[in-house]
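*Asks:* Let's see this in three dimensions:
(chains A, B and C)
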Amino acid sequence: MTVAWFGTFWDVYSNLVLSVGTNALLALSIWLTLACGMLSIANAAFMAIGAYASALLTLNFGWPFPVALAAGMAAPALMAFLIGRPTLRLSGVYLAMATLAFGEVVRIVLLNTDRVTGGALGLNGIPQLTRWWHVALALAVTLAVLWRMRRSRIGRAFEAIKEDETAAGLMGIDVAGYKMLAFVLGAAIAGLAGALNAHLTFFIGPGEYGFDRAVEILTMAILGGIGSLTGPVVGAVILTLLPELLRALQNFRLVFNGLILVLIVLFLPRGIWDTERLRRWAGIVRRQA
Amino acid sequence: MLAQQLVNALSLGCVYALFALGFTLIFGVLGVINLSHGAVFMVGAYAAEQAVSHLGLPLWGALIVAFAFSGVLGLVIDLLVLRPLRARNAPHLIPMIATIGVGIILTNAIQGIFGAQNIRFPEQLVSNRTISVEGIDVTALELGIILLSFMLMALLLLALKKTQLGRALRAIAESPRAAYLLGINVEGLFYLTSFVAAGLGGIAGVLIGLYSNALFPLMGKSMLEKGIAVIILGGMGDMRGALIGGLFLGLAEVLSVAYVGSSMRDAVAFGLLFLILLIRPRGLFGTLMERKV
Amino acid sequence: MGRHRTAAGVSTPLLRLDGLSRHFGGLMVLQDVNLEIPRGGIFGLIGPNGAGKTTVFNLITGLLAPTSGRIEFEHHSLSGCSPHRITRLGIARTFQNIRLFREMSLLENVMVGLHAKLGYRTHDLILATGHFRRDERAARERARELLSWVRLDHKLSDRADNLSYGDQRKLELARALASNPKLLLLDEPVAGMNSGEKDALMSDVRRISERGYTIFMIEHDMRFVMGLCQDIAVLNFGRIIARGAPDAIRVNAEVIEAYLGREDDDAAPDGAPGAAA
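*Replies:* Have a look, this model is predicted:
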């Protein structure tokens, strides 16, 4: 009985649930750079590179899925490493603008290299190799690694850089090196999400990886809050499920995405999962009990 | 042939410059990359179209409606979104993220109301006469765009350079705190800047709507991308830089369409932009106006 | 964890500034500064406001590059070294306008300072190996110990920005000590403190010096400088105008002229009331 119910549920919603997983990976990928105090909007582009690299390998060369996934992580990481040196010298809005421009360059290149990427038509017939446990495992491993990092000298270095780059350097922290680490690792995670997602959806096209996707990834992280690892995951869950709940609003659905972003920035600057606030609340509850 | 291209590039570049001028003005004075500027530009164009088709206003009336409607919208955005963030002293990336949200709201609201399809200004709004000078054809529209844009830009640059108001604005751009201590009404000038910048965006919206003969909800997005390219080319916060950058981008686009092919037009703009950011983040022409914190 | 010095090290200077100049645009902030700082002891650099004192620190720590001249630290040239390398060579500093990691706890602040001392590798931390756990535990212990040196060990998990001004200065001191520096640069360590706090910090600094750390400080408070330093240099308009023991500096005509000849808020170096910046 329960199993039958679950079977029906899974048939209808499996893609949605798995999207929650890949979106959580994306939110975590941008969390890494945000944790270092960098607003990089290139993650949609890294996702695209991961998606295309892996899909081309399975589609055209029949490579085994795990290898394709690894390539889907390595390709964007390599790209991040190459553009990282000049790009990460920039800070603040300049970094945001440069990564935004990079994202557009990637999208336009995908659009105009028809022979390899299918151009505007995208890639069709990608084998649907992603299973639910692939996504779950990827998310679990990513969370575990990031969780460990946060509680080590790397996490402290990130936070120090975010708060005061100059002072961080004078603590013996290799600021440029750690920024590069966050950037490359974020690109790899975004690429993994892209590769998993590509083998889930049968089709990918350049339009999916534009500015809108970049903003969506950013919104998930900001909505959930970047003070913890839970935040981005919570943000991804909400932002993935919200369109389903708002189906009745039809054309005005996306208005809510924008509204959420504005309201969060204005009223919950630390996001929904604000650990300090939660702790305060827990304290109040305990005192009353 | 090249001369003809140059005329086209000039009129297109003028619209880019007009749009970027408001964009860079906000960055210069408020220190905010206002990513809702594209949506405000689009809303201005729609407002003008509505005024023309429902009220039968002539072109100049449509332009005034666009200026006023976008201007007030810009003011409302400042009051509701940017001002609270200023009051909280939020780091400068935060208002930028908020304006992304504002842009999404406006774009999708317009799409919900008017649909995603193209709409047009009535044909008789602009004379379709063409002036021919030594084999170069200039349409009345192109000539109008060039004249109006230059007039508005000259007006703004003069106002900034010569008037008390302009001096106050430049003082704020230098340091809002110091300006405040000098007795300048900083908040009031922030509102004024938001109003004027958005209004100019609205006028640019009408002009580009006439030039490309189409209005659609996402028109602001591509314009915003060009605006970003322009102000980075010209140096962020630099008025003359926006003018030169706008003309430069218009030229680069027209020439790349003519000699490379239309599909790579955006790639040229963005590739150029990306390279400039890496090599000369202060812009090709401008000097960086960096705030002393 | 005391430090001990070899007797042979005393003869060669720890830090040598050789013809150091720095211009900002047309403005010459430092001109031909020559200074040798021996191992051990507390060395002071004083001078009127705008004399270029903080610029000296910024050059030593690699935040600025000199226009000309050399900086040698233990016979290593520091030119072209990035700040984090210089820190790893053994120089640490505090800031005139306190630069703590405000959203972190006291313990975390000091643990950031211990960054370069943690030897574990990436796989150690991902797998939480024994090496990782041992290092982290030792770092926490060391951080606690350093905080006790400045009497802040009862506030380990407080957020740094909740501290009083004086305590923030002390936290910065503990954080700078975390890298176990051979040379500790203090930029106006008692600015903004009341006299009770100053006295307490004076004995803290003296104790730190007695543990074997070489200290080089910039300070406006003459009572503090004269009370702590054995050796003082005076900077005026970007040039060193005097160097010597406190008693000699106090009566040096050129130094008195430098302070009295200018109308700023610095008092003469003889420690008149209100000498603090």
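*Asks:* Quick one: the helices in the stretch 1-150 of chain B, in order.
*Replies:* B:2-30, B:37-55, B:59-77, B:83-88, B:93-114, B:140-162 (DSSP state H, counting those that start in this stretch).
*Asks:* can you check chain C too?
*Replies:* C:53-60, C:83-89, C:106-113, C:122-127, C:130-149, C:165-177, C:195-210, C:222-228, C:246-251, C:253-260 (DSSP state H).
*Asks:* The fourth one close to chain A?
*Replies:* Yes - contact of helix C:122-127 with chain A (CB under 8 Å from any CB of the partner chain) involves C:122, C:125-126. No exception for glycine: its C-beta is placed from N, CA and C like everyone else's.
*Asks:* Any regions of chain A where pLDDT drops low?
*Replies:* Within chain A, the ranges that satisfy pLDDT under 70 run A:1-3, A:285-289.
*Asks:* what does it have sitting close to chain C?
*Replies:* So far as CB under 8 Å from any CB goes, chain A lies against chain C at A:144-145, A:148-149, A:152-154, A:156-157, A:159-160, A:163-164, A:166-176.
*Asks:* ChimeraX command to pick out the buried ones of the residues you listed?
*Replies:* One line in ChimeraX is enough to select the buried ones among these; burial here means 16 or more other CB atoms under 10 Å in any protein chain shown:
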select /A:145,148,149,152,153,154,156,157,159,160,163,164,167,168,169,170,171,172,173,174,175,176
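*Asks:* Give me the subset of the residues of chain A next to chain C that lies in helices.
*Replies:* Among those, the members that lie in helices (by DSSP H) are A:144-145, A:148-149, A:153-154, A:156-157, A:159-160, A:163, A:166-170, A:175-176.
*Asks:* and the angle for the helix or strand hosting A:Y94 with helix B:2-30?
*Replies:* For A:Y94, the host element (DSSP states H and E) is helix A:92-112. Relative orientation of helix A:92-112 versus helix B:2-30 (axes from the mean of the first three to the mean of the last three CA atoms, to 10 degrees): 140 degrees.
*Asks:* which helices and strands sit right next to helix A:92-112?
*Replies:* Helices and strands touching helix A:92-112, by 3 or more CB pairs under 8 Å, 6 or more residues apart in numbering or on different chains; DSSP states H and E, are helix A:43-61, helix A:65-87, helix A:211-224, helix B:93-114, helix B:219-234, helix B:265-279.
*Asks:* May I see the helices of chain C organised as JSON lines, with mean pLDDT, mean neighbour count and distance to chain B added?
*Replies:* Shown next, in JSON lines, are those (pLDDT from 0 to 100; neighbours: other CB atoms under 10 Å in any protein chain shown; distance: least, CB to the nearest CB, whole Å):
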{"stretch": "helix C:53-60", "mean pLDDT": "94", "mean neighbour count": "23", "distance to chain B": "16"}
{"stretch": "helix C:83-89", "mean pLDDT": "94", "mean neighbour count": "21", "distance to chain B": "19"}
{"stretch": "helix C:106-113", "mean pLDDT": "96", "mean neighbour count": "26", "distance to chain B": "20"}
{"stretch": "helix C:122-127", "mean pLDDT": "83", "mean neighbour count": "16", "distance to chain B": "29"}
{"stretch": "helix C:130-149", "mean pLDDT": "94", "mean neighbour count": "17", "distance to chain B": "28"}
{"stretch": "helix C:165-177", "mean pLDDT": "94", "mean neighbour count": "22", "distance to chain B": "19"}
{"stretch": "helix C:195-210", "mean pLDDT": "92", "mean neighbour count": "15", "distance to chain B": "28"}
{"stretch": "helix C:222-228", "mean pLDDT": "92", "mean neighbour count": "22", "distance to chain B": "29"}
{"stretch": "helix C:246-251", "mean pLDDT": "91", "mean neighbour count": "15", "distance to chain B": "35"}
{"stretch": "helix C:253-260", "mean pLDDT": "84", "mean neighbour count": "16", "distance to chain B": "29"}
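*Asks:* Ok, which of these comes nearest C:T67?
*Replies:* helix C:53-60 (9.6 Å; CB to CB).
*Asks:* Tell me the gap between that closest one and the middle of its chain.
*Replies:* 10 Å (CA atoms, centre = their mean, to the nearest Å).
*Asks:* Assess the claim that B:A140 and B:R129 are in contact.
*Replies:* Yes - taking contacts as CB atoms under 8 Å, B:A140 lies within contact range of B:R129: 4.8 Å.
*Asks:* Run through the residues that contact A:P243.
*Replies:* By CB atoms under 8 Å, 6 or more residues apart in numbering or on different chains, the contact list for A:P243 reads A:R253.
*Asks:* For it, what is the enclosing helix or strand?
*Replies:* Once you assign secondary structure using DSSP H and E, A:P243 falls within helix A:230-245.
*Asks:* what comes up buried for that helix?
*Replies:* Buried, per 16+ other CB under 10 Å, within helix A:230-245: A:230-241.
*Asks:* Mind putting the residues you listed into TSV with distance to chain B?
*Replies:* Supplementary listing: those in TSV, determined by distance: CB to the nearest CB, whole Å:
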residue	distance to chain B
A:T230	20
A:G231	15
A:P232	15
A:V233	19
A:V234	18
A:G235	13
A:A236	17
A:V237	19
A:I238	15
A:L239	12
A:T240	16
A:L241	18
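*Asks:* Just the closest of those residues to B:A204, please.
*Replies:* Of the buried residues of helix A:230-245, the one sitting nearest to B:A204 (CB to CB) turns out to be A:L239, at 32.3 Å.
*Asks:* Please report the distance of the closest one from chain C.
*Replies:* Distance of A:L239 to chain C, computed by CB to the nearest CB, to the nearest Å: 26 Å.
*Asks:* Near the closest residue to that residue other than its chain neighbours, how many residues? Count them for me, please.
*Replies:* By the measure of CB to CB, 6 or more residues apart in numbering or on different chains, the closest residue to A:L239 outside its immediate chain neighbours is A:M220, 4.9 Å from it. Neighbourhood size, A:M220 [other CB atoms under 10 Å in any protein chain shown]: 27.
*Asks:* and if you look at B:Y46?
*Replies:* The local packing of B:Y46 (other CB under 10 Å) involves 25 other residues.
*Asks:* Give the residue farthest from the middle of chain C.
*Replies:* For chain C, the largest distance from the centre (CA atoms, centre = their mean) belongs to C:L127, which lies 37.5 Å off.
*Asks:* quick one: the closest residue to C:N58 other than its chain neighbours from C:E188, how far?
*Replies:* Distances taken as CB to CB, 6+ apart put C:L64 closest to C:N58, at 4.4 Å, once the chain neighbours are dropped. Using CB to CB, to the nearest Å, C:L64 is found at 18 Å from C:E188.
*Asks:* Repeat that for B:Q5.
*Replies:* 63 Å.
*Asks:* repeat for A:S54
*Replies:* For A:S54 relative to C:E188 (CB to CB), the value is 57 Å.
*Asks:* If you count surrounding residues, which of the two has more?
*Replies:* A:S54 (32 against 23).
*Asks:* Off-centre distance for the helix ranked longest in chain A?
*Replies:* Secondary structure of chain A per DSSP H: the longest helix is helix A:2-35. From the chain centre to the centre of helix A:2-35 is a distance of 13 Å (CA atoms, centre = their mean).
*Asks:* just the angle between that helix and helix A:43-61, please?
*Replies:* Using the same axes, to 10 degrees: helix A:2-35 against helix A:43-61 is 120 degrees.
*Asks:* what angle do helix A:2-35 and helix A:65-87 make?
*Replies:* Computed by the same axes, to 10 degrees, the angle between helix A:2-35 and helix A:65-87 is 20 degrees.
*Asks:* Could you list every helix and strand in contact with helix A:2-35?
*Replies:* helix A:43-61, helix A:132-150, helix A:153-163, helix A:175-201, helix A:211-224, helix A:230-245.
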